[in-house]
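Colleague: sequence and predicted model, in that order:
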Amino acid sequence: MPSNNEYNRRDRTSLSNPSCARSTHIELVWTIDFTARRLSGSATHTIKILEDGTSTADFDSSSGLVVHSCDVDGAAAPHAVSAPHPALGSRISVTLPPGSRSAGCEVAVTLRYAAGPDASAIQWLDPAATAGGARPYVFTQCQAIHARSIVPCQDAPGVKTTYGATVRAPEWCTVLMSAVAADEGAERVPGVHRFAQPV
């Protein structure tokens, strides 16, 4: 049986640092633009610091995902994007404030970004490719490591998070996610869809 050494503990398909700063929940705010074939918005991670002295929260990204700005607990925070790895994409490192670098601290890290037409997790279909032929269609497939192309995340099987989402789309569009619709019984806003995945 292999020993429990660093090589066995580390996920070699991720550039993130969940052993030091682990995401436990993600709040997504997305806008779907069929004309530009673009998914844009933000991802707010609840990050738990696991190791004293952790100075960054690191996330995976790929396929042209562009981060515009970041903040930690509502305050602007610098971020750096590594040179791309040919298979794994790039690491996004968000700097944590000095007072939030101790084990046990919890912070909210927000990344504002856009994922373009070349995001590997997204399939954009023209109306002609649909049964009705009148409207375009889009779907996502995040296995095996394609989630990082539509959301900056710790894209590793050992990182399990709950999530919530607010998705803005054209009013004619039906939006579905791997989560429960969270706006049942509330006053619906046309074109806005809310979801919660608490498991």
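Modeller: Here it is on my side, so go on.
Colleague: quick one, strands of the protein?
Modeller: 21-33, 38-49, 56-61, 66-72, 75-76, 79-81, 90-95, 106-115, 122-125, 137-140, 162-168, 180-181, 192-197 (DSSP state E).
Colleague: for the one residue sitting closest to the centre of the chain, what are its contacts?
Modeller: What sits nearest the mean C-alpha location of the chain, by C-alpha atoms, centre = their mean, is residue 151, with 2.7 Å. Neighbour list for residue 151: 26, 28, 43, 115 [criterion: C-beta atoms under 8 Å, 6 or more residues apart in numbering]. (Each C-beta comes from the backbone N, C-alpha and C, glycine too.)
Colleague: beta partners for the third one?
Modeller: It refers to residue 43. residue 28, residue 111 (DSSP bridges).
Colleague: that one reaches residue 148, doesn't it?
Modeller: No - using C-beta atoms under 8 Å, residue 43 is not in contact with residue 148; the gap is 11.1 Å.
Colleague: looking at the two, which is more packed in?
Modeller: Under the neighbour definition other C-beta atoms under 10 Å, residue 43 and residue 148 were set side by side, and residue 148 has more, 31 against 23.
Colleague: residue 104 versus the more buried one, what's the distance?
Modeller: Computed as C-beta to C-beta, to the nearest Å, the residue 148 to residue 104 distance reads 27 Å.
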